[in-house]
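Novice: Need the 3D shape of this:
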Amino acid sequence: MNPLTLIHAPRSRLTRRMLAAGAVVVLGGSALAFAAGAGARLAERAVAPVAASPVTTVASGSGPATAGGSGDGTATAPITDGTGAAPVRGLATSPAGGGGLGAGLPRSAGASKRSGPPKLLGPVPPTETVTFALALKMSQDGAVEQYLEDLYNPKSASYRHFLTAAEFGARFGLPLERIKGVQAWAAAQGFRVLGSYDQRTAIRVEASAGQLTDVFGVHLGSYLDPSSGVAFHAPLDAERVPAAIRDAVEGLSGLDTRPMTSSAHVLVGSPITAVPDSGLGPVDLAMAYDTIPLYEAGLLGDGQTIAIVSFDTFTQNDIDTYDKEYGIDGPPVKRVAVGKALTTPGGGTVEVALDIEVVRAVAPHAQILNFEAKNGTVDHAEVIDAIVQDGRADIVTDSWGKCDVEEAFGTGSRAHGLRALQAAAAAGISVFIASGDHGAFDCWAHDPSDHREVVDFPSASPYSVSVGGTQLSVRTDGTYRSEAGWEDYLSTGGSGGGNNPTEKRPSWQVGPGVDSQYSNGKRQSPDVSAAAAVDSAYRIYFSTPDHAGDWGHVYGTSAAAPFWAASMLLIRQLADQQGVGPLGFVNPMLYTLANSDLRDAIFHDVTRGGNLQYEAAPGWDYATGLGSPDVTALAGAIVTYLRDHPAK
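Specialist: As a prediction, the model looks like this:
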């Protein structure tokens, strides 16, 4: 296959031809049948009406058109306010009552409600066991940043010379003897040393709260998180790193165990107006974002591995049911425990099911590694560390985060998170992270009274691919029509985006729209986007601790992130076939391509809507980044770029 033909082929031409013929796309021995007529559906279910092949088609020149259409085969399902008027910003449909699995479930799959700041219950008893990490310093200030700059610069001698976790640690970490010295010091304080990572980012330890106070001077408070009903502990004051280890330890990581926030939300009762009313399934995503030519070429994710960051686990029957529904016969999902193995799904299980099923929908033959940690017991950075050290996956999807404010991290957690992601980028790993679902006000996820303009971390780090959300509108034949930046003023939902408060803007983040009146020299997010709004919800099969499995609609940037990551699996497979893989950390390449004459072929530039603070605009913007992909065209562009810029 010549990748140039993928870039320049008329968009969706193959898709339209296959629909007209009532074609079938075979996914590994089973079939995903494309509906050739508007009436092709499965039997109705007890929940909202759904379709096995949820694509409404109108034969060219005949048949009725849906709202906004003309009956000529190009009819659309536009986003409107219900009056037939032009699309209205901020008027996404609000959840109402309804039946099925969604009935009785919270609007947010990851939280029962948002009702204000956490409540202090009192001090943590001094005998209570606390697990945390000593965030280690690097051996040379600025050396990692310069290496990563060179690693993705085609003019550098270091271009695409990726490092394993152990090579990263040996090159940039502290000497092993010094690390052993810190471990010995910790043991002498009465701490239990649990281990460290090859990349030399942190040392995990366990101690009593009283020992923690005696050694580091920090007191822990016990809190109740009103959004989840979960008790957690967090520092009441700042720690003091003792002089004996101050040369080696940046600070303490993981002392704040407030549950990580996911960006998955269950849609209760609302009609979906901009995409098929059954919700987005494998066929819909392939139609809207032009993946079918890759499938026709045999690219289904074979030989590819993806890691999912999960702060919960999943019910196997949910995945089996989804696979059976859509004829998916990929390899079984493998669980990888980070900390103690999880045996029972908890409040974050909808997020985990969403991530797995969206990856299966796009890259059905890829191997999924679900890295599972109990929410509130393992720091986010440690899951990334575990993935990098494991070394099997170089594409990661992550839908968890915190609002990027100082009190959420202390002195060590944020530094540890950055080091973990730097090691990932050095290893050639792309980590696609949901940008959050509250626009430019990410702290709303925990506290709706917190009106600070804040981005999500680690999504907005310079070493992540930050994925925002859109409201997708498709034509009645299922192909792409348009998108708008996701913002819903009534529910305060919207695509996360804004300025990172700490890290400067990377040299590769340039192009039309990047420099604006809102720029301040810091890293800007998101980088890219895809369907995530209420009216662009995904059809997912999931269980919860209180409800048996059933079909439902789930939305949020939590869906956009695995969609992008899974699409990149297909592109990586093509790159492997062409002898130019792996992809590496893709952000520098994405921005380079967006600044080329291929931009309009590979990205849908979203210029309507916004994110509750910033408006979508031509080029890059704070609501949708570079836009959403034409996956087939992007695949051709990336492979051609890698072929033209080989490693030195």
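
Novice: for the stretch 101-250 of the chain, what are the low-confidence residue spans?
Specialist: 101-115 (pLDDT under 70).

Novice: same check, this time on the chain
Specialist: Looking at the chain by pLDDT under 70, you get 1-115, 269-271, 410.

Novice: One more pass at 50, please.
Specialist: The chain contains residues with pLDDT under 50 at 4, 8-113.

Novice: How is it partitioned into domains?
Specialist: Following the assignment in automatic domain parsing, the chain carries domains at 119-137+174-253, 261-643.

Novice: And residue 580, how far from residue 636?
Specialist: Remark: distance between residue 580 and residue 636 (CB to CB, to the nearest Å) = 12 Å. Quick note: C-beta positions are derived from backbone N, CA and C, even for glycine.

Novice: Neighbour count: these two, which is higher?
Specialist: When residue 580 and residue 636 are compared for neighbours, residue 636 comes out ahead with 27 against 20, by other CB atoms under 10 Å.

Novice: In terms of helices and strands, where is that one?
Specialist: Element membership of residue 636, judged by DSSP states H and E, is helix 631-644.

Novice: for that helix, which positions count as buried?
Specialist: 631, 632, 633, 634, 635, 636, 637, 638, 639, 640, 641, 642 (16 or more other CB atoms under 10 Å).

Novice: From what I see, residue 354 and residue 554 are in contact.
Specialist: Yes - the criterion here is CB atoms under 8 Å, and residue 354 meets it with residue 554 at 5.1 Å.

Novice: quick one: which of those two has more around it?
Specialist: residue 354 (28 against 25).

Novice: what kind of secondary structure is the more buried one in?
Specialist: helix (DSSP: H, G, I helix; E, B strand; the rest coil).

Novice: same check, this time on the one 3 residues further on
Specialist: Under three-state DSSP, the three-state class of residue 357 is helix.

Novice: Nearest residue to it in space, please, no chain neighbours.
Specialist: residue 322 (4.8 Å; CB to CB, 6 or more residues apart in numbering).

Novice: tell me the contacts of that neighbour?
Specialist: 328, 357, 360, 540, 541 (CB atoms under 8 Å, 6 or more residues apart in numbering).

Novice: Let me see the contact set for residue 341.
Specialist: If you count contacts by CB under 8 Å, 6+ apart, residue 341 has them with 335, 372.

Novice: Please tell me how far it sits from residue 377.
Specialist: Distance of residue 341 to residue 377, computed by CB to CB: 12 Å.

Novice: With residue 184 instead?
Specialist: From residue 184 over to residue 377 (counting by CB to CB), the distance is 26 Å.

Novice: which one's the longest helix in this structure?
Specialist: Among all segments of the chain classified by DSSP state H, the helix with the greatest residue count is helix 557-577.

Novice: That one: what's the following helix or strand?
Specialist: Following helix 557-577 toward the C-terminus (DSSP H and E): helix 587-594.

Novice: Which secondary structure elements does that following helix sit against?
Specialist: For helix 587-594, the packing partners by 3 or more CB pairs under 8 Å, 6 or more residues apart in numbering; DSSP states H and E come out as helix 599-602, helix 631-644.

Novice: between those, which one is nearest to residue 315?
Specialist: helix 631-644 (29.4 Å; CB to CB).

Novice: so that closest one versus helix 557-577, what angle?
Specialist: Angle of helix 631-644 versus helix 557-577, following axes from the mean of the first three to the mean of the last three CA atoms, to 10 degrees, is 50 degrees.

Novice: Helix 587-594 and helix 631-644, what's the angle between them?
Specialist: 110 degrees.
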